[in-house]
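Q: here's a sequence, model it:
(4 chains)
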There are 2 protein chains.
Amino acid sequence: MSRAADHARKKPRDSESEGTAGRVIEARPTRPLRFGPLADYVGYALRRAQIASVAGFLEAMQEVDLRPTQFAVLTLIRENPGVRQTEVCAALGLQKANFVPLLNELQRRGLALRKAGVPDRRSSALHLTEHGEAVLQRALELHTQWEERVAARLGVAGRERLLELLRKLT
Amino acid sequence: MSRAADHARKKPRDSESEGTAGRVIEARPTRPLRFGPLADYVGYALRRAQIASVAGFLEAMQEVDLRPTQFAVLTLIRENPGVRQTEVCAALGLQKANFVPLLNELQRRGLALRKAGVPDRRSSALHLTEHGEAVLQRALELHTQWEERVAARLGVAGRERLLELLRKLT
DNA sequence: CTCTAACGGTTATATATTATAACTATCTCG
DNA sequence: CGAGATAGTTATAATATATAACCGTTAGAG
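A: From the prediction side, this is the model:
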């Protein structure tokens, strides 16, 4: 779907994607900038931490190729076999409309499936396939390893405290 | 631009946007679901906290109508008058291409402006307008009030500890 | 028992955010 | 001077999130 390749009008002269300014996730100013009060704002710190966290997650999960939301959905289905889509959406704060393509993808990959709702034929009961169970099992292992690296940085107590504080914000 | 109104084929029979499933930001399951290991994952807790944080930010900042990134950019410009766009981008982890419309908007609203770069005429030196200074001043007050509410929830020490832990993740 | 309102899931679409490539004008340095 | 790098811009893609309306089904009031 890469239309970018279509209009390659001249030669690739711009190698910035690897340069100083491109691909920057964490702050990497060319000269140190003053952050002023921003440096002490919880919201800002949260944002940066979350970006770093997602990046770490994706790296850790490369092998199983799961995005955070997919991972959460699979986990929730495993923990609650037969759940309805609406329930998963409500639990994770997803829009039911957006959940459809997400679940389609999981189904296409043979990880989860919709079973006919009984007795309510409107609803579908969600289950993991055997393959889904296996992949999620591996994903959980990888994720645990990652959490351990986090704990190594924060200390086990620090990690617990962080969880506690974050939950208070929600 | 609301094309949705164009294809109003029948009558609005669906009032779900206000119902149980719609507009859900935080988890609100119809029946309690088991979250399994998800409940103890830093990444997941971060995600939820960040969503709540942005929501709180937007609410607190209604009066000045600033999004988190706009607020950060204005703050950074105030603290470093004359900075170049690239520097702000690097500091905040923004893409220079995405920064253009963002800054255009701030300029359109008369909050910030690009001055000719001296001596490098490629670059633009960013400054706040007087109006920008005033608006940011008010924004900082509102933001401080919000941080105080956060501190009330977490305790002052808790808030400090949270900041410290979050920075370790970045 | 029937009719109506609500629900579960789907589709289509809108909007916001972030990412990538390539372009112009300008600057730097051998 | 000329080649390559840089600052900013444009155009576009990919992703994430939000809203409205639809269908088939269900439940509950009367």
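
Q: identify the single longest helix in chain A, thanks.
A: If each helix of chain A is counted by residues according to DSSP state H, the longest one is helix A:130-154.

Q: now it, how far from the chain's geometric center?
A: Relative to its parent chain, helix A:130-154 has a centroid offset of 13 Å by CA atoms, centre = their mean, to the nearest Å.

Q: give me the buried positions along it.
A: Neighbour-count burial for helix A:130-154 flags A:132-133, A:135-136, A:139-140, A:142-143, A:146-147, A:150-151, A:154 (criterion: 16 or more other CB atoms under 10 Å in any protein chain shown). Quick note: C-beta positions are derived from backbone N, CA and C, even for glycine.

Q: and those residues near chain B, which?
A: A:L140, A:H143, A:E147, A:V150, A:L154 (CB under 8 Å from any CB of the partner chain).

Q: wait, the fourth one sits on B:D40?
A: No: using CB atoms under 8 Å, A:V150 and B:D40 do not qualify as a contacting pair, with a distance of 11.5 Å.

Q: what is the nearest of the buried residues of helix A:130-154 to DNA strand D?
A: Closest to DNA strand D out of these is A:A139 (15.9 Å), distances taken as CB to the nearest atom of the strand.

Q: mind listing the helices for chain A?
A: According to DSSP H, the helices that chain A contains are A:42-60, A:68-79, A:85-92, A:96-108, A:130-154, A:156-169.

Q: just give me the neighbour total for A:L106.
A: 23 (other CB atoms under 10 Å in any protein chain shown).

Q: can you list the weak-confidence ranges in chain A?
A: Within chain A, the set of residues satisfying pLDDT under 70 comprises A:1-30.

Q: hmm, 90 instead?
A: For chain A, the stretches flagged by pLDDT under 90 are A:1-32, A:116-120, A:170.

Q: go ahead and flag the most central residue of it.
A: Note on chain A: the residue nearest the mean C-alpha position is A:P68, at 1.9 Å, using CA atoms, centre = their mean.

Q: show me what contacts the residue nearest to that one when sequence neighbours are not counted?
A: Nearest-residue entry for A:P68: A:F57, 5.6 Å, with adjacent residues in sequence omitted and distances by CB to CB, 6 or more residues apart in numbering or on different chains. The neighbours of A:F57, taking CB atoms under 8 Å, 6 or more residues apart in numbering or on different chains as the test, are A:P68, A:F71, A:H143, A:W146, B:G43.

Q: surely A:H131 and A:L111 touch.
A: Yes: taking contacts as CB under 8 Å, A:H131 lies within contact range of A:L111: 6.3 Å.

Q: state the distance from the residue nearest to A:N80 when sequence neighbours are not counted to B:R48.
A: Nearest residue to A:N80 in three dimensions, chain neighbours excluded: B:L33, at 5.1 Å (CB to CB, 6+ apart). Using CB to CB, to the nearest Å, B:L33 is found at 15 Å from B:R48.

Q: can I get stretch A:120-128 in CSV, CA atoms only?
A: The C-alpha trace of stretch A:120-128 is given here as CSV (Å, rounded to 0.1, in the frame of the first residue of the first chain):
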residue,chain,number,x,y,z
ASP,A,120,-28.7,-14.9,23.0
ARG,A,121,-28.1,-15.2,19.3
ARG,A,122,-27.2,-11.6,18.9
SER,A,123,-24.0,-12.0,20.9
SER,A,124,-20.9,-14.0,20.0
ALA,A,125,-19.0,-15.9,22.7
LEU,A,126,-15.3,-15.3,22.3
HIS,A,127,-12.7,-18.1,22.8
LEU,A,128,-9.1,-18.7,22.1
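
Q: that one near DNA strand C anywhere?
A: Yes: Stretch A:120-128 reaches DNA strand C (CB under 7 Å from any atom of the strand) through A:D120, A:R122, A:S123, A:S124.

Q: nearest to A:E105, of the residues you listed?
A: Of all the residues of stretch A:120-128 next to DNA strand C, A:S124 has the smallest distance to A:E105: 15.4 Å, by CB to CB.

Q: surely that closest one touches A:G117?
A: Yes: if you go by CB under 8 Å, A:S124 and A:G117 touch, sitting 5.5 Å apart.

Q: looking at those two now, which is surrounded by more residues?
A: Taking other CB under 10 Å, A:S124 and A:G117 do not tie; A:S124 has more neighbours (18 against 14).

Q: distance check, that one against A:A97.
A: 15 Å.

Q: A:G82 too?
A: For A:G82, the distance to A:A97 - CB to CB - is 22 Å.

Q: same thing with A:V54?
A: Counting by CB to CB - A:V54 and A:A97 are separated by 23 Å.

Q: the two - which one has more neighbours?
A: A:V54 (16 against 9).
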